[in-house]
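*Asks:* Predicted coordinates and the sequence they were generated for:
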Amino acid sequence: MNRVPNPLIEQMANELEPVRALRFRDGALLVGLAVIITVLGVELLDGIWRGIAAGEASPFFLIANGLLLVLGCASANSVIGMATPQVGNRHDGPGWAMAMAAVLPLAAFVTLLGHDHPVAALQDPYGLGCFASGMAASILTAGALILWLRRGAPVSPKLAGLHIGVAATALGSAAYGLACPIDTVSHLGLWHAAPVLAGAVIGMFALPPLLRW
Amino acid sequence: MIADEQTLARLMASSQQGDKQSYSVLLTEVQLWLERYFRRRCAPAQMDDLVQEVMMAVHKKRATYDPARPFLPWLAAIARYRWVDHLRKVYRSAEDALEDYDAPEDSEEEAVLARLSLDRMFGRIPAKQASAIEMVKIEGLSIREAATRTGQSESAVKVNIHRGLKKLSALIEKAE
């Protein structure tokens, strides 16, 4: 059967310019660079806690920041992959990483329950400062991930927004965590994990309009 | 007949390097594939627009195709995204029209068009929600008439329409 030629095809073929395919590696480099600059910024503004290298940090400090780092990497990995759409792409990994990181606030609450004065233990003069610093340390990574997805073609903007929020705040909180010498369960489990929850909510509801194409 | 996956992937990789002839052949094949894809998913009157829209998206986002991966799942993901976007617009206008009970005829065309996409999904939502959407958005009854016919309160009819449309939207988002 002869078809009527579509003028749009002719027009698009005439306008064709060579393009460089988006590579996962480029996205990973962009995000890695943003995290490195963030860590340098933390060192310049607050100074990384030297006690870490001296072995003074408690095991929970290393576990908490390690979990945040793994969560951030898992979510960032998903976001970078979302730039190149495929039917059948699955992003279950960050979900499990989020469940794993949820152990942090859970551990903090369980610890507080066993405390003689749980409300008094909640009063942490450095808590809000750490929360705000963790959020601020997320901005550059969030910007890099948004930029990457705007170049790409994310087909689930809400899910992409959620993962950007989680990735940026988990990496930001882990980066700022290097400067915070308070290594108690309640402080790390509440105030260093809280930015991730805030990032997830902000990402899911505020970012989709920026990611639609 | 539409070309096989390997040929399409090769044509797309050449197109990314600026080969206009390959691109022209590829777009012709893409058009055929999209017409088949949308035939059972949208109203016939809207099919041409959707096909053109996806072809323009393919053109604009051609750098997002990874030559190391299959071509058709990439095309299908873009087609599905545009389809969901299209249905969301139809639902939104249907929901907006809910506020205008006195002029159901104004939204009749949209309701009929919506039905073409919604019909197969009705079986997957609760019967009360499906019948509320059907009476008000397809048959054009007012909320009061639908409430009288089903024996539900007017508020219940409104809630069923709202929740039903929301569920349908979610079902389509999840559809592969």
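*Replies:* Cool, the structure landed. Numbering: from 1, shown residues only, chains lettered A, B, ... in the order given.
*Asks:* show me what contacts A:Ala179?
*Replies:* By CB atoms under 8 Å, 6 or more residues apart in numbering or on different chains, the residues touching A:Ala179 are A:Val42, A:Glu43, A:Asp46, A:Gly47, A:Ile48, A:Trp49, A:Ser133. All C-beta spots, glycine's among them, are computed from the backbone N, C-alpha and C.
*Asks:* Which one (most neighbours) among those?
*Replies:* A:Ser133 (24 neighbours; other CB atoms under 10 Å in any protein chain shown).
*Asks:* what are the ranges of the helices in the chain?
*Replies:* You didn't say which chain, so I picked chain A. Assigned by DSSP state H, the helices in chain A fall at A:7-15, A:24-45, A:59-82, A:93-101, A:103-113, A:118-122, A:127-136, A:139-151, A:157-177, A:185-186, A:194-206, A:208-211.
*Asks:* right idea, wrong chain: chain B
*Replies:* B:5-16, B:20-39, B:44-60, B:72-97, B:108-118, B:127-133, B:143-150, B:154-174.
*Asks:* that older thread, JSON lines please, covering the helices of chain A and showing mean pLDDT.
*Replies:* What follows is the helices of chain A, written out as JSON lines (pLDDT from 0 to 100):
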{"stretch": "helix A:7-15", "mean pLDDT": "89"}
{"stretch": "helix A:24-45", "mean pLDDT": "96"}
{"stretch": "helix A:59-82", "mean pLDDT": "94"}
{"stretch": "helix A:93-101", "mean pLDDT": "87"}
{"stretch": "helix A:103-113", "mean pLDDT": "86"}
{"stretch": "helix A:118-122", "mean pLDDT": "68"}
{"stretch": "helix A:127-136", "mean pLDDT": "94"}
{"stretch": "helix A:139-151", "mean pLDDT": "97"}
{"stretch": "helix A:157-177", "mean pLDDT": "96"}
{"stretch": "helix A:185-186", "mean pLDDT": "87"}
{"stretch": "helix A:194-206", "mean pLDDT": "96"}
{"stretch": "helix A:208-211", "mean pLDDT": "94"}
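*Asks:* Relative to B:Pro73, which of those helices is closest?
*Replies:* Closest of those to B:Pro73 is helix A:59-82, at 13.1 Å (criterion: CB to CB).
*Asks:* Quick one: closest of the helices of chain A to chain B.
*Replies:* helix A:7-15 (4.2 Å; CB to the nearest CB).
*Asks:* So for the closest one, what gets flagged as buried?
*Replies:* By 16 or more other CB atoms under 10 Å in any protein chain shown, the buried positions in helix A:7-15 come out as A:Ile9, A:Met12, A:Ala13.
*Asks:* Out of those residues, the closest to A:Leu147 would be?
*Replies:* Closest to A:Leu147, out of all of these and judged by CB to CB, is A:Met12, at 25.9 Å.
*Asks:* Quick check: the residue lying closest to A:Gly127 once chain neighbours are set aside vs A:Tyr126, distance?
*Replies:* Sequence neighbours aside, A:Trp191 is the residue nearest to A:Gly127 in space, at 4.1 Å (criterion: CB to CB, 6 or more residues apart in numbering or on different chains). With distances taken as CB to CB, to the nearest Å, A:Trp191 is found 8 Å from A:Tyr126.
*Asks:* More neighbours: the two, which one.
*Replies:* Legend: neighbour count by other CB under 10 Å for A:Trp191 and A:Tyr126, higher for A:Trp191 (24 against 13).
*Asks:* need the contact list for that one.
*Replies:* Contacts of A:Trp191 by CB under 8 Å, 6+ apart are A:Asp124, A:Tyr126, A:Gly127, A:Leu128, A:Cys130, A:Phe131, A:Gly134.
*Asks:* if I look at it, how far off is chain B?
*Replies:* Separation of A:Trp191 from chain B (CB to the nearest CB, to the nearest Å): 35 Å.
*Asks:* where does that residue land on pLDDT?
*Replies:* A:Trp191 carries a pLDDT value of 93.
*Asks:* now the helices of chain B in CSV, with distance to chain A?
*Replies:* Shown next, in CSV, are the helices of chain B (distance: least, CB to the nearest CB, whole Å):
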stretch, distance to chain A
helix B:5-16, 5
helix B:20-39, 4
helix B:44-60, 5
helix B:72-97, 4
helix B:108-118, 18
helix B:127-133, 22
helix B:143-150, 30
helix B:154-174, 8
